[in-house]
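A.B. asks: Fold the following and give me the result.
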Amino acid sequence: MNKPLASMSLDLDDQWSYMKVHGDDGWDLYPSYLDIVVPFFLDLLDEMDIKITFFIVGQDAVFEKNQKILKSIIDRGHEIGNHSFHHESWLKTYTKEKIEKEIILAEDAILKATGQKTRCFRGPGFSWSNDLLEVLAKRDYIFDASILPTYISPLMRRYYFWKSKLSKEERESRKELFGSFKEGFYSLKPFNWKLENGSSLLEIPVTTIPVFKIPFHLSYLIFISGFSMLLMKAYLNFSLLMCKITKTSPSILLHPLDLISGDKVPQLAFFPGMNLPTEKKIDVFKYTLNRIKKDFEVLPMLNFADGLIRQKLNIKDVPAGKS
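C.D. replies: As a prediction, the model looks like this:
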């Protein structure tokens, strides 16, 4: 009997992008850890025989020093996606024309660096809008993956602001970071946006715990493991059990800081879980991915989207902007 499908992706947010959203000085010098992070992830994923989708920030692809590193993602058999050019979590406030320019700039930079055109998108800070969806559909994207269906988005944002150095104006520009309470009402299962201009676009939400709508992507598991590995394992096992009970194909999200600790990038010590040693993060990473593989067939997101069609799963139509 075939296992149910799951998808896995990594938002390749660079050091400067975390500093930028956090309001830290020096982000515009574009400090980077990609030369450390990308090979580290690729080696671990090879070891575990897992292929995933890397969502790349266009600005990083512009720098010649990063292009060989980003090309290695394709060379090692993984997929790539568009994570915007400037990585601004207030993307949803852009005009439609500015959104299209942002998408095209990132597409061109990523194509030049990797030799491959992007066909999928995730908004920075889970930022999205109807205009964004229409731009993606117009440019023949296969899917968007910007929705995080959780009711606790305002709490996540408040915690982030509490740890930040943002001015009043910067907080205002980031007021939609992680989305709003209404995000919790969106489906956890993939669905088709029916857009006002008559087009449609597949949405693959980042999976939260079915029914409870609490996040369980790896950053949360690492944070919990800092208190108790047993609690972390119980949390993950319960999350996956709820996915199986509700027949939800999980879309699992990874981030660079899931493997990098504060000793490597002290500028990002504000981020939860950065006090844990790298060795412990690796243990959590391996346990989590092996546990998911036990119950699900783990695929990159474009392959996952193809698998939805192959298995003839019922994908509901949802009017744009409505749950």
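A.B. asks: Next, the contact list for D317, please.
C.D. replies: For D317, the contact set (C-beta atoms under 8 Å, 6 or more residues apart in numbering) comprises F191, N192, K194, S200. Where you see a C-beta, it was placed from the backbone N, CA and C, and this is true even at glycine.
A.B. asks: Sketch out the low-pLDDT regions of the stretch 51-200 of the chain for me.
C.D. replies: Residue ranges of the stretch 51-200 of the chain with pLDDT under 70: 152-181.
A.B. asks: Strands of that one, residue ranges please.
C.D. replies: Using DSSP state E, counting those that start in this stretch, the strands found in the stretch 51-200 of the chain span residues 53-56, 79-82, 120-121, 143-144, 191-194, 200-203.
A.B. asks: So for T207, what's the nearest residue that isn't a sequence neighbour?
C.D. replies: P250 (4.2 Å; C-beta to C-beta, 6 or more residues apart in numbering).
A.B. asks: Looks like the one you found contacts L240 (just checking).
C.D. replies: Yes. Under the criterion of C-beta atoms under 8 Å, P250 makes contact with L240 at 7.2 Å.
A.B. asks: May I have the residues that are in contact with the closest residue to I52 other than its chain neighbours?
C.D. replies: Leaving aside its chain neighbours, I52 sits nearest to M8 (4.3 Å; criterion: C-beta to C-beta, 6+ apart). By C-beta under 8 Å, 6+ apart, the contact set of M8 is I50, I52, T53, S251, I252, L254, L289, I292, V298, L299, P300, M301.
A.B. asks: Now, these that are in strands?
C.D. replies: Within those, residues falling in strands by DSSP state E are T53, S251, I252, L254, V298, L299.
A.B. asks: So which of the residues you listed wins on neighbours?
C.D. replies: When neighbours are taken as other C-beta atoms under 10 Å, the top entry among those is T53 (26 neighbours).
A.B. asks: For it, give its distance to K213.
C.D. replies: Distance, T53 to K213, using C-beta to C-beta, to the nearest Å: 23 Å.
A.B. asks: now I52
C.D. replies: Distance from I52 to K213, by C-beta to C-beta: 24 Å.
A.B. asks: Look at the two and report which has more neighbours.
C.D. replies: Set side by side, I52 and K213 show more neighbours around I52, with 24 against 18, by other C-beta under 10 Å.
A.B. asks: hang on, isn't that one packed against I80?
C.D. replies: No. Using C-beta under 8 Å as the test, I52 is too far from I80 to be in contact (10.3 Å).
A.B. asks: Need the max-distance pair from the ones in strands among the contacts of M8.
C.D. replies: Across the ones in strands among the contacts of M8, the longest distance by C-beta to C-beta is 14.2 Å; it joins L254 and L299.
A.B. asks: and the nearest residue to Y33 once chain neighbours are set aside, what is it in contact with?
C.D. replies: Leaving aside its chain neighbours, Y33 sits nearest to Q15 (5.0 Å; criterion: C-beta to C-beta, 6+ apart). Contact analysis of Q15 by C-beta under 8 Å, 6+ apart lists P31, S32, Y33, V265, Q267, L268.
A.B. asks: And F55, by the same measure?
C.D. replies: Residues near F55 by C-beta under 8 Å, 6+ apart: S9, L10, D11, L12, I80, G81, N82, H83, C120, F121, R122, A145.
A.B. asks: ditto for P124
C.D. replies: Contact analysis of P124 by C-beta under 8 Å, 6+ apart lists D11, D13, S17, V21, V57, H83, S84, H87, E88, S89, L91.
A.B. asks: and what of I50?
C.D. replies: Residues near I50 by C-beta under 8 Å, 6+ apart: M8, L289, K293, V298.
A.B. asks: What strands line up against the helix or strand hosting the first one, and which way round?
C.D. replies: The one in question is M8. In this assignment (DSSP states H and E), M8 forms part of strand 5-12. Sheet pairing of strand 5-12 (DSSP bridges) gives strand 53-56 (parallel), strand 251-254 (parallel), strand 297-299 (parallel).
A.B. asks: In a markdown table, list those strands along with distance to I204.
C.D. replies: Converted to a markdown table, the strands paired with strand 5-12 look like this (distance: least, C-beta to C-beta, whole Å):
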| stretch | distance to I204 |
| --- | --- |
| strand 53-56 | 10 |
| strand 251-254 | 5 |
| strand 297-299 | 11 |
